[in-house]
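Colleague: give me a model of this one.
(one chain, ligands or ions: 3)
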Amino acid sequence: MCGIAAIVSNQNVNQDLYDALTVLQHRGQDAAGIATCEGSRLHLLKDNGLTRDVFSSREMLKLQGNMGIAHVRYPTAGCTSLEEAQPFYVNSPFGLALAHNGNLTNTEELKIQVFVDDQRHINTDSDSEVLLNVFAHELQQAGKLTLTIEDVFKAVGAVHKRCRGAYAVVIMIAGFGILGFRDPHGIRPIVFGERKNEDGSKDFMIASESVALDVLDFRLMRDIAPGEAVFIEASGKLHTKQCAEKTNHCPCIFEYVYFARPDSIIDNISVYKARMRMGKKLAKKIQKDWSNNDIDVVIPIPDTSRTSALQIAHELGVKFREGFMKNRYIGRTFIMPGQTMRKKSVKQKLNAISLEFCGKNVLLVDDSVVRGTTSEQIIQMARDAGAKKVYFASAAPPVRYPNVYGIDMPAAHELIAHGRTELEVCKAIGADKLIYQDLDDLIDAVGKGNPNIKQFDTSCFSHEYITGDIDDEYLARIEALRNDGAQEQRNAAHKTAHK
Ligand SMILES: O=P(O)(O)OC[C@H]1O[C@H](OP(=O)(O)OP(=O)(O)O)[C@H](O)[C@@H]1O
Ligand SMILES: NC(=O)CC[C@H](N)C(=O)O
Ligand SMILES: [Mg+2]
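Modeller: Ligands and ions are numbered 1, 2, ... in the order given. The predicted structure is shown next:
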């Protein structure tokens, strides 16, 4: 789940893009990059690490130009090497730089096409590099030295025909402008907005989440529609066009559960309100199925579950207490690479305040249980802090199946609920009782914010893959390629080769 941003302004955009990346940091902690365009010259800086570590003030000065794109990465393809950090650049045609959030599901097929038919070279295992080259080839088909906006939109239409999976994308065309587009299912979020300058001119921004626009004083105009493209000329003129022949809006429900910031609005749904409704629904389920419960206190597992946990306590009429303190210098553990690091970080990140647990029956609330790394350790911490009974509630249903659309959970056997009943999961994480949200309730909780959305991507809960191209063979292939062990080996091999 990467974060992407793009700005066209009448001033340098380097500082604004940097600020946007710090606001989108929760979407990717592995690498960060910015590409700007000064006249027709592109400047690019990217590296592994957090935004604040990648860009020094001296390096920032080199990123001159009034338009640019930026990316924070959480890998879902390839490895964690610097070569796969984004933006990606290709020199032909025109000079293009791309930042992508999502994951293509026909990368292997496209790679062959790109090599054999388009005669282009792919230098990494990243699906995003393939996507850029498909776009580059299609743009080249215009066969002109001077592009029109229509040529750009036509190339997007061709990308929609060739690429499958999830892609929210920004592409900078040197000297010409910035393009943003979204796959025909609108799986990953992408919005755009404007900011008025004192001289009456307007700046435009495209970003993964509206919170990035808020912080930079841009006014959210709307989401890019599934299949639609937005083009902002270097001179600051905005164009939009639907480029897909067929669309079927199915945004990823996990954005609302975990990924997005609560202060973002995605597809006209407030993430904060959706999480409150998740809490309310779950409380109703507890009241219905466990009316004689003996919960003394509701305790959230910071950060993401706070919003729904507060609502659960309110509905149940039980005290809400912050029993776990979070170390603000440790990032999100779920998006860290490798299980060893994730496990170690939970302990470093969260510490229990004993007096909130001592002799009490506590209901711990998390937004989701995925690998079970957090829940298992947290339940033990609650017991060590003196809790009498430790109950656990998850604002999302059991995560049983891999995600192939931009969340790195490719291996079913690494998911704690895969092949287990709820009771077995409860035992595995060591809880006295486990309550999961029902999928229909989750869909209602999110969908209530925008009745026009008829379907969500719920594949990790339901095993229904909306792009229609995912079968058991595909899942077995990505499991073999991207399970934790395989990733660790690939990353280590890459490090050795580059010593
Ligand atoms: O079952 P698991 O594999 O542990 O994954 C689920 C946990 O990971 C996430 O927290 P994370 O620390 O990433 O971020 P947060 O601070 O936003 O809650 C999520 O909020 C759950 O707490
Ligand atoms: N999480 C994402 O959106 C990842 C983008 C791309 N698939 C990569 O691995 O870099
Ligand atoms: Mg969490």
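
Colleague: residues contacting the residue in the chain positioned nearest to ligand 2?
Modeller: In the chain, the residue that lies nearest ligand 2 is C2 (3.5 Å; Cβ to the nearest ligand atom). Where C-beta positions appear, they are placed from N, C-alpha and C, glycine not excepted. Neighbouring residues of C2 by Cβ atoms under 8 Å, 6 or more residues apart in numbering: 27-28, 71-74, 86, 99-102, 208, 406.

Colleague: and if you look at R321?
Modeller: 297-299, 356.

Colleague: nearest spatial neighbour of it, chain-adjacent residues omitted?
Modeller: E356 (4.7 Å; Cβ to Cβ, 6 or more residues apart in numbering).

Colleague: does the one you found touch D296 like I think?
Modeller: No - with contact defined as Cβ atoms under 8 Å, E356 does not reach D296; the gap is 9.9 Å.

Colleague: intersection of neighbour lists for these two?
Modeller: Counting by Cβ under 8 Å, 6+ apart, the residues touching both E356 and D296 are V362.

Colleague: who has more neighbours out of the two?
Modeller: Using other Cβ atoms under 10 Å as the criterion, E356 and D296 rank with E356 on top: 20 against 17.

Colleague: please give the element, helix or strand, for D444.
Modeller: helix 439-447 (DSSP states H and E).

Colleague: so how far is that helix off the chain centroid?
Modeller: In terms of Cα atoms, centre = their mean, to the nearest Å, the centre of helix 439-447 is found 20 Å from the chain centre.

Colleague: all strands of the stretch 101-250 of the chain, in order?
Modeller: 165-173, 177-182, 191-196, 202-207, 219-223, 228-233, 238-242 (DSSP state E, counting those that start in this stretch).

Colleague: in a markdown table: the ones you listed, plus mean pLDDT.
Modeller: Below are the strands of the stretch 101-250 of the chain laid out as a markdown table (pLDDT from 0 to 100):
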| stretch | mean pLDDT |
| --- | --- |
| strand 165-173 | 98 |
| strand 177-182 | 98 |
| strand 191-196 | 98 |
| strand 202-207 | 98 |
| strand 219-223 | 98 |
| strand 228-233 | 98 |
| strand 238-242 | 98 |
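
Colleague: mind checking which of those strands is nearest A274?
Modeller: strand 219-223 (14.9 Å; Cβ to Cβ).

Colleague: which residues does that closest one contact?
Modeller: 182, 186, 189-195, 210, 213-214, 265-268.

Colleague: the stretch 1-150 of the chain: helices as residue ranges?
Modeller: Listed in chain order, the helices of the stretch 1-150 of the chain (DSSP state H, counting those that start in this stretch) span 14-23, 51-54, 57-62, 107-116, 127-140, 149-162.

Colleague: which one, of those helices, ends up nearest to K360?
Modeller: Closest to K360 of those, according to Cβ to Cβ: helix 14-23, at 37.1 Å.

Colleague: how about the helix or strand of the chain with the lowest mean pLDDT as CSV, C-alpha atoms only?
Modeller: Of all helical and strand segments in the chain, the minimum by mean pLDDT, DSSP states H and E falls on helix 484-497, at a mean of 73. Only the C-alpha atoms of helix 484-497 are listed here, as CSV (Å, rounded to 0.1, in the frame of the first residue of the first chain):
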residue,chain,number,x,y,z
ASP,A,484,8.2,-14.4,4.2
GLY,A,485,11.0,-16.9,3.8
ALA,A,486,11.3,-16.4,0.1
GLN,A,487,11.3,-12.6,0.5
GLU,A,488,14.0,-12.7,3.2
GLN,A,489,16.1,-14.9,0.9
ARG,A,490,15.6,-12.6,-2.1
ASN,A,491,16.4,-9.4,-0.1
ALA,A,492,19.5,-11.1,1.4
ALA,A,493,20.7,-12.3,-2.0
HIS,A,494,20.2,-8.8,-3.3
LYS,A,495,22.2,-7.2,-0.5
THR,A,496,25.1,-9.7,-1.0
ALA,A,497,25.2,-9.0,-4.7
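
Colleague: the lengthiest helix in the chain: how far from the chain's middle?
Modeller: Longest helix in the chain, counting residues (DSSP state H): helix 271-289. Helix 271-289 has its C-alpha centroid displaced from the chain centroid by 23 Å (Cα atoms, centre = their mean).

Colleague: quick check: buried residues in that helix?
Modeller: 271-283, 285-286 (16 or more other Cβ atoms under 10 Å).

Colleague: other SSEs contacting it?
Modeller: With contacts defined as 3 or more Cβ pairs under 8 Å, 6 or more residues apart in numbering; DSSP states H and E, helix 271-289 has these neighbours: helix 306-316, strand 433-436, helix 439-447.

Colleague: looking at the strands of the stretch 101-250 of the chain, which is nearest to ligand 1?
Modeller: Of the strands of the stretch 101-250 of the chain, nearest to ligand 1 by Cβ to the nearest ligand atom is strand 202-207, at 19.1 Å.

Colleague: strand 219-223 and that closest one, what's the angle between them?
Modeller: Interaxial angle, strand 202-207 versus strand 219-223 (axes from the mean of the first three to the mean of the last three Cα atoms, to 10 degrees): 50 degrees.

Colleague: how about strand 202-207 as PDB, C-alpha atoms only?
Modeller: Once non-C-alpha atoms are left out, strand 202-207 reads as follows in PDB (Å, rounded to 0.1, in the frame of the first residue of the first chain):
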ATOM      1  CA  LYS A 202      -4.300  27.700  -9.300                       C
ATOM      2  CA  ASP A 203      -2.100  24.900  -8.100                       C
ATOM      3  CA  PHE A 204      -3.300  21.300  -8.600                       C
ATOM      4  CA  MET A 205      -2.500  18.200  -6.500                       C
ATOM      5  CA  ILE A 206      -3.200  14.500  -6.900                       C
ATOM      6  CA  ALA A 207      -2.700  12.200  -3.900                       C
END
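
Colleague: hmm, who's touching that strand?
Modeller: 3-10, 16, 20, 24, 170, 178, 180, 190-197, 212-213, 216, 218, 224, 230, 232, 236, 238.

Colleague: how far away is I312 from N10?
Modeller: Using Cβ to Cβ, to the nearest Å, one gets 48 Å for the distance from I312 to N10.

Colleague: on that earlier part again, which parts of the following helix or strand past the longest helix of the chain are buried?
Modeller: Of the helices and strands lying after helix 271-289 in sequence (DSSP H and E), the nearest is strand 297-300. By 16+ other Cβ under 10 Å, the buried positions in strand 297-300 come out as 297-300.

Colleague: who's in contact with E322?
Modeller: Counting by Cβ under 8 Å, 6+ apart, E322 touches 299-300, 302, 353, 356.
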